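J.: turn this into a model:
(one chain, ligands or ions: 2)
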Amino acid sequence: MALPAASAPPGPLCTRSATSATRKAPGRVTATVALVSALSGRTGRLLNLGRRASVSTYRKREEKREQRRRWLEDMERPEEETEKVEVPSGAAPVFAAAAEEDSGGTSSRTQPEPLNWDDPGLNVLERARLAAEDWGEWDESGWSTDPAASYGTDEVIPLPRIFKRRRGEAEAPKAIKNFIELHQLGLRKLPKLARGETRPAIFCGSDPAHDGRRGAVDDGRGDSLGRMAVAVHKGFMRQRARCHPTGDVTGSFPLPERPEVAFIGASNVGKSSLLNALTRTQKLAPAKDDPGVTRSIDWYKCSRLPVDVIDLPGYGYAKGSHYGPLVADFIVHRKSLRLLYCLVDARTGIRPCDWKFYASLGEKGPEKVFILTKCDMVIPKSLAKVATIVLEDIKSIPKSSQRLIMASARMGQGMHDLRCHLCSRAVSMIREVKKRQEKLENAA
Ligand SMILES: Nc1nc2c(ncn2[C@@H]2O[C@H](COP(=O)(O)OP(=O)(O)OP(=O)(O)O)[C@@H](O)[C@H]2O)c(=O)[nH]1
Ligand SMILES: [Mg+2]
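T.: Ligands and ions are numbered 1, 2, ... in the order given. Okay, the predicted model is just below:
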C-alpha cells in the first residue's frame, strides 16, 4: 500500500548515492540525469525509485517510533495494572489450589492471607508460592532460550521482581565481603601470565589466616582436612552405576556400597561441571550449554573419597520429560543418601523452580547444603549481596545447613572449600557407619 503524498517524509527524494554525488558534483549529476532522461524518457521512473526507497525507510522509522512509544507507555503504567498472578504450568498442587482460589474458583478453602516476603515466619511452601507469583510470566518452556549457561556476562536473564528489589536493598555483612576477598571469588580480571608461568590454584579454604593475595597462596595442606582435600583434587573418579530416575526394570536402584552425597539443582545450573571439577576430569559427567543434558542418575566413585558422589538430573526443564518429582522421590527414599548439595545460580539466587522443589521435599530427605555456583559470572559486590539473600532464604528451608559454599567450576574458585566440606562430611559419615557396626557387633 502506497503512502499518500502528504505523508511522505521531508528531505531528499532520491537515493543516497545520488544525493552525495549531487553534493560532490552537482553539475555532473544534472547532466547525467538529463542525458538518461533524453535517452529513455524515464527520469520520473528513476526519481520514483528513489522516492519509493525513501518512503519504505520512513515507514520503518515510523513503526519503530510507534513501538518505542507503546513500550514507554507500558513502562509508565502503574505497577498494579501490569502485575498479574500467574502460576507456572505444571505447578505443584499447592499452587494450583492457590490459583483456583485467587481466581474466585469453587474451592472450599478460604482466601489466603497476602504474603510478605520479609516476614521471617514464612515457611518454605509460602515462600515457594510467593516466588511463583512474583515470577509472573515465567514459563518453564522458556528454559531452552535461557542463556544461563553461556559464559558471556553481558546477557540479560529474567529475574523476579522480589529478587531485584531485595538485591538492591541488601547490605552484605563485612564477614561475607572478607570471605569473598579471601577466596578471590567473583568476576575478576586475571593478570596476564608470562610465557611458561602457570596460574596457582587458590587454596585457602582450610586456612583462615590466609590473606587471599596471589603471592601468599598456600598449598592447602595446613591441616589433615586440607591434605585430604588436596588428595581429592589430585585423585580420579569413575562411574560406578547409571540408572533411569524411575529405577531399573524392576524399579530398583543399585545397592549402596558407601554413604552417598548428591548434587541437585535446576537444569543447567552446573551440577555435572561441579562434579567434574572435584577431581578436574572434564569429560567424566557430560556437561553442555544445553539444559537437560543429564537424564539419568549417575553414581561416581572417587579414588580418594570414602563416599559415592551422585549426579542427578536437573529439575525445571528437561528435554522430553520433567524429572523433578521422580528425583524428589529418589532423594526421599534413598536411605544411603546422607547429604544433598543444592546448587543455586549466583546470578539469580533461589528461583521459583528451586522453591517448588524444596517445597516438594518438605521435611523429608537428607540434610541440604547450599552452593552458589557460577560465581565467576558476577562481580564480587553483587556476589556478596546474592550470598546475603540466599543465606537469609535458606533459614526457612527445612533440614538446611546454615553454611553457604561459593564456588566456580570453571575458574576453580572456592573448589578447595567445597572439597574440604565434602571431606569433613565424608569423615563423619564413615565414623557413624563404624559406630553402628560396632553397636551391631556388640549386640550380636
Ligand atoms: N562460567 C561458568 N560456567 C559454568 C560453571 N559451571 C557450569 N558452567 C556451564 O554451565 C553449563 C551447564 O553445565 P552443566 O554441568 O551441564 O549443568 P547441569 O546442572 O549438569 O545441567 P543438566 O545436566 O542439564 O541438569 C555448561 O556450559 C558449563 O560450562 C561455572 O562455574 N562458571
Ligand atoms: Mg548434568
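
J.: quick one: average pLDDT of stretch 344-359?
T.: Averaged over stretch 344-359, pLDDT sits at 88.

J.: now do the strands in the chain.
T.: Along the chain, the stretches classed as strands by DSSP state E are 237-243, 260-265, 297-302, 308-311, 337-345, 367-373, 400-406.

J.: so which of those is nearest Glu63?
T.: Nearest to Glu63, of all the strands of the chain, is strand 337-345, at 36.8 Å by Cβ to Cβ. To be clear about C-beta, it is placed using only N, CA and C from the backbone, and glycine gets the same treatment.

J.: residues in the chain within reach of ligand 1, list them.
T.: 149, 151, 265, 267-273, 287-289, 291-294, 313-314, 373-374, 376-377, 408-410 (Cβ under 6 Å from any ligand atom).

J.: hmm, which of those residues are the buried ones?
T.: 149, 265, 267-273, 287, 291-294, 313-314, 373-374, 376-377, 408-410 (16 or more other Cβ atoms under 10 Å).

J.: enumerate every residue touching Glu367.
T.: By Cβ atoms under 8 Å, 6 or more residues apart in numbering, Glu367 lies in contact with 338-340, 399-401.

J.: give me the buried subset of those.
T.: Among the contacts of Glu367, those buried by neighbour count (16+ other Cβ under 10 Å) are 338-340, 400-401.

J.: ok so, going back, sitting in helices, which of the residues of the chain next to ligand 1 do you find?
T.: Among those, the ones falling in helices (DSSP state H) are 271-273.

J.: now do the same contact list for Val232.
T.: Residues near Val232 by Cβ under 8 Å, 6+ apart: 278-279, 302, 304-305, 419, 422-423.

J.: picking up where we left off before, specify which member of the ones in helices among the residues of the chain next to ligand 1 is nearest to Pro160.
T.: Distances from Pro160 to those, taken by Cβ to Cβ, are shortest for Lys271, at 22.2 Å.

J.: check what pLDDT that closest one gets.
T.: In this model, Lys271 is scored at 94, pLDDT.

J.: that one and Gly265 touch, don't they?
T.: Yes: contact between Lys271 and Gly265 holds when scored by Cβ atoms under 8 Å: they sit 5.4 Å apart.

J.: what do those two both touch?
T.: Common neighbours of Lys271 and Gly265, using Cβ under 8 Å, 6+ apart, are 314, 343.

J.: quick one: neighbours of Met415, just the number.
T.: Residues near Met415, counting by other Cβ atoms under 10 Å, number 25.

J.: surely it meets Ala409?
T.: Yes: Met415 lies in contact with Ala409 (Cβ under 8 Å); the separation is 7.4 Å.

J.: quick check: neighbours shared by those two?
T.: Joint contacts of Met415 and Ala409 (Cβ under 8 Å, 6+ apart) are Ala277.

J.: for this protein, name the helix or strand with the lowest mean pLDDT.
T.: One helix or strand of the chain scores below all others by mean pLDDT, DSSP states H and E: helix 93-102, with a mean of 42.

J.: where does Pro256 land on pLDDT?
T.: Predicted confidence (pLDDT) for Pro256: 91.

J.: rewinding a little: specify which member of the contacts of Val232 is nearest to ligand 1.
T.: Relative to ligand 1, the closest of these is Leu278; by Cβ to the nearest ligand atom it sits at 12.3 Å.

J.: residues contacting the closest one?
T.: Each residue near Leu278 by Cβ under 8 Å, 6+ apart is listed here: 232-233, 237, 302, 309, 415, 418-419, 422.

J.: run the last query once more with 7 Å
T.: Counting by Cβ atoms under 7 Å, 6 or more residues apart in numbering, Leu278 makes contact with 232, 419.
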